[in-house]
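Enquirer: whatever this is, show me its structure:
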Amino acid sequence: MTTAQHQSKRTPALQNIQALRLLATYRVVVFHAGCVIGTQRDPELVNAVLAWSPVRLDTFFVMSGFIVMVALGRRPTSAREFLRRRVMRLMPLYWLATALASSLSLLTHSSFRYIFVDTGEPLTWQRLVCSSLLLPCGREPLVYPAWTLTLEWLLYLSVGVALATTKTNGTRVVVTTTVVALMVALGSSDMDLAPGVIEMLTHTHLMEAALGAVLGACFVHFEARWRGYLSERPAPAYVLAALALGSPVIVTWLEPPDDSATFAGSELLFCGVPAALVVLAVALLECADRSVRAPWLSVQADATYSVYLIHPFILDAVMSLAQYLHIDGPDAFVVPSYVLTATCASIAAGHVIHRRVERPIAQALSKYVSRRAVEPDPPRVLEHTG
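Expert: Here you go, the predicted model:
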């Protein structure tokens, strides 16, 4: 048995989580394409389809906490090393995207017309600094989807505190969730905080990431037992997968109207819990040896972060091109055509950016770090794309 085979057997790759991450990324692109075409057309067709999808943005954040805890459970590291890897993984490409967005904003004297909020205000140094550092300053970042990275970093800082103060995976998840709870309490307090800070500290997605961390810690603890049981009796995994697929129907039936959803944590209950159900279902299907085995999966999943950051630019470019060519027709034709074209173009552009920009940067940084004799990066399958 080769070293690679031994490593694969010792720490099985989460192929189903890879596939789920891919689906979640593509759903975000389709949703934003619906938002863009909605500035000109009726987007109800797209929204109606997406409303019944079991994979939502909430799934991203549950997956984020899940993957972090699984990675740390399989290969513990220091707080400094963990945060360094997160910076190297997420920030270089994001800074390039921010530079591109700020340049286009200066050239057009405003923000993007469709996917970005256009207030007609000129680009300021304050907004540029806040966007570059992912600080919640009350305005969307220049690269619109990057507001989710602010929440990701709140999770990573919580995990960093846990790594600096604890030794075991169980205590790490307790400290992580405690720090997140303190953030939520701070945002809910009477302290005079900026509205953007309050919104981030009390955001449901941050609590969903903590929920995913608890799920990931439990998965690591029981993984060997689950694999042994479900490999022979996969029925429970199938039942959970069926519940996950039906979660949109269940949520639609149970969710109260907006005006009656007054109790705390209602969004976490009606959005976060179904997302956790989806993540747990695909993980348990993997334990039952029912995983997605496709040679293209890792290639597609590796490019999801590039797709996520580049797609706002592509969506706007495709819309501008359609208007320049005076493409018109009934909504039933134009809306699906735009969504399909813009989504495919975003995916293609993301793959080009990944191969020509993101991966070379990662390789260069890896060589630089290896020259300084630091610990190598963990397997890419356990990384999150933002």
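Enquirer: low-confidence bits of this protein, can you list those?
Expert: Along the chain, segments meeting pLDDT under 70 span 1-13, 39-54, 109-122, 248-265, 373-386.
Enquirer: so what does the helix ranked longest in it touch, helix or strand wise?
Expert: Longest helix of the chain, by residue count under DSSP state H: helix 79-108. Contacts defined by 3 or more CB pairs under 8 Å, 6 or more residues apart in numbering; DSSP states H and E place helix 79-108 against helix 125-132, helix 147-165, helix 304-324, helix 359-371. C-beta: built from backbone N, CA, C; applies to glycine.
Enquirer: hmm, try it at 6 Å
Expert: Other helices and strands packing on helix 79-108, by 3 or more CB pairs under 6 Å, 6 or more residues apart in numbering; DSSP states H and E, are helix 125-132, helix 147-165.
Enquirer: that one to helix 125-132, inter-axis angle?
Expert: Orientation check (axes from the mean of the first three to the mean of the last three CA atoms, to 10 degrees): helix 79-108 against helix 125-132 gives 140 degrees.
Enquirer: show me which positions of helix 79-108 end up buried.
Expert: Residues 79, 82-86, 88-94, 96-98, 101-102, 104-105 are the ones in helix 79-108 that count as buried (16 or more other CB atoms under 10 Å).
Enquirer: what angle do it and helix 304-324 make?
Expert: For helix 79-108 against helix 304-324, the angle by the same axes, to 10 degrees is 10 degrees.
Enquirer: can I assume Leu268 is in contact with Met207?
Expert: Yes. Counting by CB atoms under 6 Å, Met207 is a contact partner of Leu268 at 5.1 Å.
Enquirer: neighbour-wise, which of the two wins?
Expert: It is Met207, of Leu268 and Met207, that has more neighbours when counted by other CB atoms under 10 Å, with 22 against 19.
Enquirer: give the contact list for the more buried one.
Expert: Neighbour list for Met207: Leu268 [criterion: CB atoms under 6 Å, 6 or more residues apart in numbering].
Enquirer: what about 7 Å?
Expert: Counting by CB atoms under 7 Å, 6 or more residues apart in numbering, Met207 touches 180, 184, 268, 272.
Enquirer: mind listing what's buried along stretch 308-320?
Expert: Neighbour counts using 16+ other CB under 10 Å place 308-316, 318-319 of stretch 308-320 among the buried residues.
Enquirer: save these as a markdown table, and put in distance to Val175 too.
Expert: Listed next are the buried residues of stretch 308-320 as a markdown table, based on distance: CB to CB, whole Å:
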| residue | distance to Val175 |
| --- | --- |
| Tyr308 | 29 |
| Leu309 | 31 |
| Ile310 | 35 |
| His311 | 35 |
| Pro312 | 35 |
| Phe313 | 39 |
| Ile314 | 40 |
| Leu315 | 40 |
| Asp316 | 42 |
| Val318 | 45 |
| Met319 | 45 |
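Enquirer: name the nearest of those relative to Arg293.
Expert: Closest approach to Arg293 among the buried residues of stretch 308-320 (CB to CB): Tyr308, at 24.7 Å.
Enquirer: ok, the buried residues of stretch 308-320 vs Ala288, which is closest?
Expert: Closest approach between the buried residues of stretch 308-320 and Ala288, by CB to CB: Tyr308, at 29.8 Å.
Enquirer: against Ala301, how distant is the closest one?
Expert: Tyr308 sits 12 Å away from Ala301, going by CB to CB, to the nearest Å.
Enquirer: tell me which of the helices and strands packed on helix 79-108 is the most buried.
Expert: Of the helices and strands packed on helix 79-108, the one with the most neighbours on average (mean count of other CB atoms under 10 Å) is helix 147-165, at a mean of 21.
Enquirer: other SSEs contacting that one?
Expert: The contact analysis (3 or more CB pairs under 7 Å, 6 or more residues apart in numbering; DSSP states H and E) places helix 147-165 against helix 57-74, helix 79-108, helix 169-188, helix 195-201, helix 204-230.
Enquirer: was I right to think Thr204 contacts Leu268?
Expert: Yes. Counting by CB atoms under 7 Å, Thr204 touches Leu268, with 5.5 Å between them.
Enquirer: just give the number of residues close to the closest residue to Gln126 other than its chain neighbours.
Expert: Leaving aside its chain neighbours, Gln126 sits nearest to Cys137 (6.9 Å; criterion: CB to CB, 6 or more residues apart in numbering). For Cys137, the neighbour count with other CB under 10 Å is 17.
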